[in-house]
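A.B. asks: no FASTA, just this:
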């Protein structure tokens, strides 16, 4: 039976001793799409030459959703990044509730997210959609867990869904990261069902450890069956480290999502 999902993997978490263009080329040879994080760190000319299907990339370098200064910074940064995304043919440009610093720690942390912050975040995302229409690109908002990313506003699956569904624009989708959902909320299949109309990409890693399927507690075969049965046909990206070697990890991922 044909694979119902477009499988992809984050190149920055695999073959850590190899150049990034080599990693992108090897993923392409193995039949995977390629996810990227931090585009300024890489030689874009070499990445262009690979001819990979770049499924997702960090969609901004600085900025925040919920305050005036941060929103202006975010829009400026997202516009610049959109040009890089179009140059590489990236399918989706990824956003978070605030900028992430060293180790993924939010640059601005909040114990309480106020009503005014919610309204500002929604307004900022409407502006992002206007930019997306102008540039003909798609942005995603990713959920994050508060263990790895403490104090990140709008980080929960529930918050990401609330914002994206309230904006309800075809160029703004959810990057539903099931690794983060497992730590933050659990109940993964029901969250897939709730988010389904707005999902742009499903990402995953097993928990604990953030490694490939089969190394932790998550039943990925059941999730694959459920996604297939609910009609999801979009990309599924492994954003995980390899316990042993990268190719073994990728084959474990492919096996877990074989229907």
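C.D. replies: Looks like it came in fine. Just so you know, these numbers come straight off a predicted model, no measurement behind them.

A.B. asks: tell me what the residue most central in space within the chain is bridged to.
C.D. replies: Geometric centre of the chain, nearest residue: residue 175, 4.6 Å, by C-alpha atoms, centre = their mean. Here residue 175 sits in beta bridges with residue 142, residue 201, going by DSSP bridges.

A.B. asks: tell me the contacts of the nearest residue to residue 214 once chain neighbours are set aside?
C.D. replies: Nearest non-adjacent residue to residue 214, counting by C-beta to C-beta, 6 or more residues apart in numbering: residue 252, 5.0 Å away. For glycine as for every other residue, the C-beta is placed from the backbone atoms N, C-alpha and C. Residues near residue 252 by C-beta atoms under 8 Å, 6 or more residues apart in numbering: 212, 213, 214, 215.

A.B. asks: related to what we said a few turns ago, pretty sure the residue nearest to the centre of the chain contacts residue 142?
C.D. replies: Yes: counting by C-beta atoms under 8 Å, residue 142 is a contact partner of residue 175 at 3.9 Å.

A.B. asks: and residue 51, how many neighbours does it have?
C.D. replies: Neighbour count of residue 51, defined by other C-beta atoms under 10 Å: 10.

A.B. asks: same deal with residue 29?
C.D. replies: 9.

A.B. asks: pLDDT at it, what is it?
C.D. replies: For residue 29, the model assigns a pLDDT of 98.

A.B. asks: again with residue 21
C.D. replies: The predicted local confidence for residue 21 is 98.

A.B. asks: same for the helix or strand it falls within, what does it pack against?
C.D. replies: Residue 21 belongs to helix 20-29 when elements are defined using DSSP states H and E. Counting contacts by 3 or more C-beta pairs under 8 Å, 6 or more residues apart in numbering; DSSP states H and E, helix 20-29 is packed against strand 33-35, helix 44-50.
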